Every structure is written in C-alpha cells, then in structure tokens.
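# Generate coordinates for the sequence data below:
(one chain, ligands or ions: 2)
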Amino acid sequence: MPSPLTPIDIQLKRLPHGEGLPVPAYATAHAAGMDVVSAEELILQPGGRHAVATGFAMAIPQGYEVQVRPRSGLALKHGISLPNTPGTIDADYRGELKIILINLGDAPFPIQRGDRIAQLVVAPVQLASFVEVDRLDDTERGQGGFGSTGV
Ligand SMILES: O=c1ccn([C@H]2C[C@H](O)[C@@H](COP(=O)(O)OP(=O)(O)OP(=O)(O)O)O2)c(=O)[nH]1
Ligand SMILES: [Mg+2]
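Ligands and ions are numbered 1, 2, ... in the order given. Next up, the predicted model:
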C-alpha cells in the first residue's frame, strides 16, 4: 500500500457522451475530494432525484473504493445532496459512474453539462469475513447505544 500522499493511478475510460469534459480532479493542493462534472443538462425539480451521467467509467485498483460525496456549497445554497451518500463505487464496477442527486430544496435546480455536481474520495478498503460465535466479549458500553451516553 503506497503512502496516502502518493497518488495511485485509476484507469478512466471516457464514454462518447463524455467527450470534452474534464477528468475528475482536486480543486486545491490538499483537497480530499476530486470534483466530478455532469455530462448532461437537466433540471432537478424539488423533491426529485436523478442518476446523473458523468460520461466515464473506471477500473479502481483492487483494495480501493471510490466514495461519492455531496458538495457542501450545493447542499447549503440549493439543498442538492445525494440520497445514498456516500455512494460506493466498487473496484469491480465497469459501468458508467453515475451521481444520484436529490433536490431537497424548494426551487427547481438547473444543471448544465460541465457543472461540478459531486466529489470523489478514493479510500482503501479492508476486506473481512464474519465469524459466527455464541458469545461476545463484555465491554463498558455493552448494548447501550442510540444516545445512551446522553446528549
Ligand atoms: O452513486 C453511485 C453508487 C453506485 N454506482 C455504481 C458503482 C457501484 O459499484 C454499483 C453498485 O452500487 P451499490 O452497491 O451501492 O448499489 P446496489 O443497489 O447494491 O447495486 P448492486 O446490486 O449492483 O451492487 O453502482 C454509481 O455509479 N453511483
Ligand atoms: Mg451492491
């Protein structure tokens, strides 16, 4: 596993309708998320959702995932979010990356081709398997949860 500061390569295949669009990229030197743009033009009505085309597919190296997260500016100003945030892009997915947007605001939200609609965070994945047991070890928390420690 390379240092997190050493970028890994992710193969990206541009689809015909992605011609001319920028590849996802970090907007600033130490950004965590790479902004991704829409490959289509649409108007998202209040309460509406749409799987927005990005115009590319990718091959994430085994051992990594890509998380799709909302942009805070769109969320704050227009109520634009992702109903499945963070979206999970599996390393074995070869279809088009789509960004599922939802309009939680109260006005129609127009999206132009090339608009930055979400951000992609690349993260390592720890694989695991579940091992069934009859008894779990005791902890201070025990079965407490869902606010058991107070507000
Ligand atoms: O925001 C998203 C979420 C998912 N995907 C693609 C990539 C991902 O690898 C695949 C499956 O996503 P997920 O596992 O979240 O969806 P599912 O409902 O479980 O579908 P599946 O049965 O295909 O796994 O769909 C996207 O393009 N955008
Ligand atoms: Mg799945």
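# who does the lowest-mean-pLDDT helix or strand in the chain touch, helix- and strand-wise?
Least confident helix or strand, the chain: strand 25-26 with a mean of 95, by mean pLDDT, DSSP states H and E. Judged by 3 or more CB pairs under 8 Å, 6 or more residues apart in numbering; DSSP states H and E, strand 25-26 is in contact with strand 34-37. Heads up, the C-betas are built off the backbone N, CA and C, glycines and all.
# what pairs with the strand it packs on, and is each one parallel or antiparallel?
When pairs are called by DSSP bridges, strand 34-37 turns out to pair with strand 25-26 (antiparallel), strand 116-124 (antiparallel).
# Around ligand 1, pick out the residues from this structure.
V68, N84, G87, T88, I89, D90, Y93, L97, K98, I100 (CB under 6 Å from any ligand atom).
# Mind doing that once more with 5 Å?
Taking CB under 5 Å from any ligand atom as the criterion, the chain approaches ligand 1 at residues V68, G87, T88, I89, D90, Y93, L97, K98, I100.
# Any of those residues buried? List them.
Buried by 16 or more other CB atoms under 10 Å: V68, G87, I89, L97, I100, out of those.
# if you go through this protein in chain order, where are the helices?
Listed in chain order, the helices of the chain (DSSP state H) span 72-78.
# Right, and ligand 1 sits closest to which residue of it?
Relative to ligand 1, the nearest point of the chain is G87 (2.7 Å; CB to the nearest ligand atom).
# for that residue, which residues make a bridge with it?
Where G87 sits in a bridge, its partners, by DSSP bridges, are V68.
# Thanks again, I'm all set now.
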